[in-house]
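Participant: Give me coordinates for this.
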Amino acid sequence: MGASFSQRPSLRAAASFDLSTRVAPGKNLRGFGVRMVLLLSVTFFAAALCGQSLDGIWRTEGYGDVLEIHGDDLKLFQVTSATCVPGETLQRDRAVIAGREATFKSKDGDDAFVRNSGPADHKLLHQEGSASDMRIDRLDRLPAACEHPTPNTPPDNFEVFARTWAENYIRFNQRHADWDAIVAANRKKVTPQSTPEQLFDVLQSMIAPFHDAHTSISAPDLKRSFHGYRGGTERIMRGTPGDFVRTRMPELLAVTDRAYLDTPLHPYCNGHVFFGHVKNSEIGYLRILSFSSYAQQGGYAAGSEALESALDEIFSDPTLKALVIDVRINFGGADPWGLAIAPRLATNQYLAYTKVARTNPPARDRWTPADPSIVRPSSRPGFRGPVVELTSAMTISAGETFTQALMGRTPHVTRIGESTQGVFSDVLGRRLPNGWQFGLPNEIYRDENGRTFDITGVPPEIEIPVFADSDLAAGRDPVMAKALDILSAQMKPAAHPGLSR
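Facilitator: Next up is the predicted model:
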């Protein structure tokens with residue numbers, strides 16, 4: 001995640017559904033239902049193995065995490081300039097892995113690790129599922145706020161929420177939001193006598209106007225949750241995330257299947273990736289519904305193996321002469337899995353994006369050093385011929401960073417459909433003293449020209465309404481039809497190299 005110990009499926013997922021069960025998990029629809037689970041677990045090598053001890057206090061640059069390491073134990077704290085919420089205590093994993101000074105094991109099997117490099121007091125921490133590293137710096141002592149952690153009262157829960165947003169959220173200016181005024185207007189509504197229901201209503205009202213699909217609050221004790229959406233998403237989605245996955249999504253996909261594809265498509269990656277051919281043609285069709293939960297067991301590492309195996313098989317197809325990549329419905333997940341597909345299509349090295357995070361001071365224009373993600377052509381089976389990509393407002397989070405990762409490709413990938421959702425950051429997962437969980441974006445992704453696409457999304461080059469009611473009723477998919485027109489024209493003038501093995 002290049003991020004904190006945040007909460008999202010497959011480490012990143014601020015916007016992901018668990019398609020394997022066909023039920024929305026409650027991080028993201030990293031918007032749509034963030035599974036608010038702290039994906040951390042942490043263990044360290046003995047000092048004799050490391051060459052130096054990691055014992056002591058460490059703070060992330062940005063992200064608001066403080067780690068207290070002592071022997072086999074790691075205690076996590078989520079901090080702001082005036083609050084501190086203790087997290088879990090985790091145990092050491094003594095397995096020796098090349099390139100790692102220390103390894104962190106999450107409850108669902110995913111790793112975070114300290115890279116085996118750098119000076120004694122400054123390290124790089126990497127979480128699987130993220131496209132970047134976090135810098136951690138040694139402190140002399142715990143922050144003063146952690147000497148007396150923030151208590152569980154309505155005003156104190158409000159304070160943790162308000163300060164976390166003030167110090168980490170990336171888009172106040174673009175959303176024309178005066179957060180200080182919002183906090184002042186709502187603070188007086190929260191008293192020591194406020195009920196949990198009243199507190200939840202206040203917190204939700206503060207962030208709902210942002211319509212940000214990477215924002216959420218979850219109160220399990222109340223059986224209540226809130227997740228933001230960009231305006232207009234409801235036109236496609238309709239109903240709850242669970243309803244969409246169970247009924248609406250199959251109906252939308254069936255229109256394309258019946259009109260254009262040799263079906264059934266072949267499923268890969270635990271039913272999140274599908275491949276087949278357009279009827280009676282050498283045009284391949286790659287549907288990617290998410291970048292999460294690619295393996296039933298084994299976490300991120302097993303999912304990566306499943307993806308690489310799927311790509312080997314897909315791109316060994318000797319009949320493949322052109323390719324449609326359909327991410328019109330893609331709920332996000334792990335950025336590196338999108339970065340694993342791009343090299344199979346690349347003919348040259350190029351920048352996918354650079355990633356920075358807000359640092360914690362009140363200034364909103366302070367960022368961590370840029371961490372670039374580079375696409376390098378793979379030597380494994382790939383495809384170098386003409387490609388079009390189909391996008392919509394339901395192309396979310398890692399689906400959008402994948403779209404960015406194709407923008408520098410040669411030959412150019414033509415984008416058709418509608419603008420993507422407009423949420424790119426990993427979700428910064430936080431907890432309140434009362435046990436509620438909430439999430440917000442604290443990072444931005446820039447292209448080679450420094451542009452960002454938050455809020456507006458990545459625009460299509462050819463704009464065509466996606467899943468319009470009139471088209472669905474008539475069994476039409478004009479986005480797919482346009483893609484096939486473009487690819488057919490590109491295939492005619494000259495032979496394309498197609499496969500590289």
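Participant: what bits of the stretch 401-501 of the chain have low per-residue confidence?
Facilitator: Low-confidence segments of the stretch 401-501 of the chain, defined by pLDDT under 70: 493-501.
Participant: What ranges does the stretch 351-500 of the chain have for its helices?
Facilitator: For the stretch 351-500 of the chain, the helices defined by DSSP state H, counting those that start in this stretch cover 398-406, 469-474, 478-491.
Participant: Quick one: list the elements packing against the first one.
Facilitator: Spelled out, that is helix 398-406. Under the contact criterion of 3 or more Cβ pairs under 8 Å, 6 or more residues apart in numbering; DSSP states H and E, helix 398-406 touches helix 335-345, strand 350-357, strand 387-391. Bear in mind the C-beta positions are built from the backbone N, C-alpha and C, glycine included.
Participant: which strands and helices sit next to the helix or strand harbouring residue 198?
Facilitator: Per DSSP states H and E: residue 198 is located in helix 196-207. Helices and strands touching helix 196-207, by 3+ Cβ pairs under 8 Å, 6+ apart, are helix 154-168, helix 179-187, strand 216-219, strand 224-227.
Participant: 7 Å instead, please
Facilitator: On a contact count with 3 or more Cβ pairs under 7 Å, 6 or more residues apart in numbering; DSSP states H and E, helix 196-207 meets helix 154-168, helix 179-187, strand 216-219.
Participant: Just name the most buried of those.
Facilitator: Ranked by mean neighbour count, those are led by strand 216-219 with a mean of 26 (mean count of other Cβ atoms under 10 Å).
Participant: so how far is that one from its chain's centroid?
Facilitator: Distance, stretch centre to chain centre, for strand 216-219: 17 Å (Cα atoms, centre = their mean, to the nearest Å).
Participant: Give the partner strands of it in its sheet and their orientations.
Facilitator: Applying DSSP bridges, strand 216-219 is found paired with strand 224-227 (antiparallel), strand 437-441 (antiparallel).
Participant: Can I get these in a markdown table including mean neighbour count and distance to residue 77?
Facilitator: Below are those laid out as a markdown table (neighbours: other Cβ atoms under 10 Å; distance: least, Cβ to Cβ, whole Å):
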| stretch | mean neighbour count | distance to residue 77 |
| --- | --- | --- |
| strand 224-227 | 19 | 25 |
| strand 437-441 | 27 | 16 |
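Participant: tell me, how many neighbours does residue 197 end up with?
Facilitator: Residues lying near residue 197 (other Cβ atoms under 10 Å) number 11.
Participant: nope, residue 210 is what I meant
Facilitator: Residue 210 sits with 20 neighbouring residues when counted by other Cβ under 10 Å.
Participant: show me the contacts for it.
Facilitator: Contact analysis of residue 210 by Cβ atoms under 7 Å, 6 or more residues apart in numbering lists 175, 177, 228.
Participant: from the residues you listed, which is closest to residue 361?
Facilitator: Distance ranking of these against residue 361, using Cβ to Cβ, places residue 177 first at 18.5 Å.
Participant: so what's the closest one closest to, chain neighbours aside?
Facilitator: In this structure, residue 177 finds its nearest non-sequential neighbour in residue 210, 6.9 Å apart by Cβ to Cβ, 6 or more residues apart in numbering.
Participant: Then residue 125?
Facilitator: residue 134 (4.6 Å).
Participant: same check, this time on residue 378
Facilitator: residue 343 (3.9 Å).
Participant: mind checking pLDDT for that neighbour?
Facilitator: The score at residue 343 is 98. That number is its pLDDT.
Participant: got a list of what it touches?
Facilitator: Counted by Cβ under 7 Å, 6+ apart, residue 343 has contacts 375, 376, 377, 378.
Participant: could I get those as CSV with neighbour count and distance to residue 251?
Facilitator: Shown next, in CSV, are the contacts of residue 343 (neighbours: other Cβ atoms under 10 Å; distance: Cβ to Cβ, whole Å):
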residue, neighbour count, distance to residue 251
375, 23, 35
376, 12, 39
377, 17, 38
378, 18, 36
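Participant: Can I get these in JSON lines including distance to residue 490 and pLDDT?
Facilitator: Compiled in JSON lines, the contacts of residue 343 are given as follows (distance: Cβ to Cβ, whole Å; pLDDT from 0 to 100):
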{"residue": "375", "distance to residue 490": "21", "pLDDT": "98"}
{"residue": "376", "distance to residue 490": "25", "pLDDT": "98"}
{"residue": "377", "distance to residue 490": "20", "pLDDT": "98"}
{"residue": "378", "distance to residue 490": "22", "pLDDT": "98"}
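Participant: got a markdown table for the residues you listed, with distance to residue 485 too?
Facilitator: Converted to a markdown table, the contacts of residue 343 look like this (distance: Cβ to Cβ, whole Å):
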| residue | distance to residue 485 |
| --- | --- |
| 375 | 27 |
| 376 | 32 |
| 377 | 28 |
| 378 | 29 |
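Participant: which stretches of the stretch 1-150 of the chain aren't confidently modelled?
Facilitator: For the stretch 1-150 of the chain, the stretches flagged by pLDDT under 70 are 1-52, 91, 106-110.
Participant: Can you give me every residue that contacts residue 319?
Facilitator: Residue 319 sits next to residue 282 when contact means Cβ under 7 Å, 6+ apart.
Participant: tell me which element it falls in.
Facilitator: For residue 319, there is no enclosing helix or strand under DSSP H and E.
Participant: same question, residue 284
Facilitator: strand 283-288.
Participant: Pull out the buried residues from the very next helix or strand once past that strand.
Facilitator: Using DSSP H and E, the helix or strand that directly follows strand 283-288 along the chain is helix 299-314. If you call a residue buried by 16 or more other Cβ atoms under 10 Å, then helix 299-314 has these buried ones: 299, 300, 302, 303, 304, 306, 307, 308, 310, 311, 314.
Participant: Might you calculate how far helix 299-314 sits from the centre of the chain?
Facilitator: The answer for helix 299-314 is 18 Å, by Cα atoms, centre = their mean.
Participant: quick one: average confidence on it?
Facilitator: The model assigns helix 299-314 a mean pLDDT of 96.
Participant: any idea of the angle that helix forms with strand 283-288?
Facilitator: Angle, helix 299-314 to strand 283-288, by axes from the mean of the first three to the mean of the last three Cα atoms, to 10 degrees: 170 degrees.
Participant: for helix 299-314, packing partners?
Facilitator: Under the contact criterion of 3+ Cβ pairs under 7 Å, 6+ apart, helix 299-314 touches helix 335-345.
Participant: and the angle from the helix it packs on to strand 350-357?
Facilitator: 170 degrees.
Participant: Check the offset of helix 335-345 from the chain's centre.
Facilitator: The chain centroid and the centroid of helix 335-345 are separated by 14 Å under Cα atoms, centre = their mean.
Participant: Would you mind getting the angle between it and helix 398-406?
Facilitator: With the same axes, to 10 degrees defining the directions, helix 335-345 sits at 30 degrees from helix 398-406.
Participant: relative orientation of helix 335-345 and strand 387-391 in degrees?
Facilitator: For helix 335-345 against strand 387-391, the angle by the same axes, to 10 degrees is 150 degrees.
Participant: Convert helix 335-345 to PDB, retaining C-alpha atoms only.
Facilitator: Output in PDB follows, covering the C-alpha atoms of helix 335-345 (Å, rounded to 0.1, in the frame of the first residue of the first chain):
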ATOM      1  CA  ASP A 335      -2.100  -1.700  -7.000                       C
ATOM      2  CA  PRO A 336       0.900  -4.000  -7.700                       C
ATOM      3  CA  TRP A 337      -1.400  -6.500  -9.400                       C
ATOM      4  CA  GLY A 338      -2.200  -3.800 -12.000                       C
ATOM      5  CA  LEU A 339       1.500  -3.100 -12.200                       C
ATOM      6  CA  ALA A 340       2.000  -6.800 -12.900                       C
ATOM      7  CA  ILE A 341      -0.300  -6.800 -15.900                       C
ATOM      8  CA  ALA A 342       1.100  -3.600 -17.500                       C
ATOM      9  CA  PRO A 343       4.600  -5.200 -18.200                       C
ATOM     10  CA  ARG A 344       3.000  -8.000 -20.100                       C
ATOM     11  CA  LEU A 345       1.700  -5.400 -22.500                       C
END
